[in-house]
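# I would like the atomic coordinates for the input below:
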Amino acid sequence: MVGIDDIQKFFFKAMQQNGYSSGGQKITIPSMPGYKAIPFREGDFSLLDCWCTTPHSQKSAGTTTIFYKDSPVWWMQYNGWYTEEAISFLKLALSKTAETQEWLGGRGPKEFTDGRLVYRNDPRINDFAGFNGHECIIYRNRLGHLGYHEYSGFLLI
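This is a model prediction of the structure:
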């Protein structure tokens, strides 16, 4: 059986090489209108990051699943909303923990500032085997949210 350390190493590799924040190649899922996905495969492991949006709001929801020998072994979900203005900043924040391989609920650093925006991540339970938390982007020097996601996940083995 595969171990938790191998699954976590694969998660970071997939996020760095072909993840949402690294500009991974998006595909559509014909049977799921409104969804986009980024697949990554290496050896016995594969990952599918799949999310949906609608033109009727700024809301989004998604899942990331890691498979070992085509069986799911780890899963996370996220949901909330972000403004269009916040998306590139969100990707920048997410890339920071992918680069450093720091586990903070599979999202970005606890805090990241770049000019006028601030990303904050509060992992309430922060273990790769089981986690949940909240992230948000706010303006640095004024009131107003540019969005948030709630997230959670766990090992399936």
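
# and the gap between the residue nearest the centre of the chain and T64?
The centre of the chain sits closest to R107, judged by C-alpha atoms, centre = their mean, with a distance of 5.4 Å. Separation of R107 from T64 (C-beta to C-beta, to the nearest Å): 11 Å. The C-beta positions use only the backbone N, C-alpha and C, and glycine is treated the same way.

# ranges for the helices of this structure?
For the chain, the helices defined by DSSP state H occupy 4-18, 84-100.

# tell me which of those helices lies nearest to L48.
The closest of the helices of the chain to L48 is helix 4-18. By C-beta to C-beta, the value is 9.6 Å.

# how about the CA coordinates for that closest one, as CSV?
Output of helix 4-18 as CSV, limited to C-alpha atoms (Å, rounded to 0.1, in the frame of the first residue of the first chain):
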residue,chain,number,x,y,z
ILE,A,4,1.0,9.2,3.2
ASP,A,5,4.5,10.8,2.6
ASP,A,6,4.5,9.5,-1.0
ILE,A,7,1.0,10.9,-1.6
GLN,A,8,1.9,14.3,-0.1
LYS,A,9,5.1,14.5,-2.2
PHE,A,10,3.1,13.8,-5.3
PHE,A,11,0.6,16.5,-4.3
PHE,A,12,3.3,19.2,-4.2
LYS,A,13,5.0,17.9,-7.4
ALA,A,14,1.6,18.0,-9.2
MET,A,15,0.9,21.5,-7.9
GLN,A,16,4.3,22.8,-8.9
GLN,A,17,4.5,21.3,-12.3
ASN,A,18,0.9,21.4,-13.6
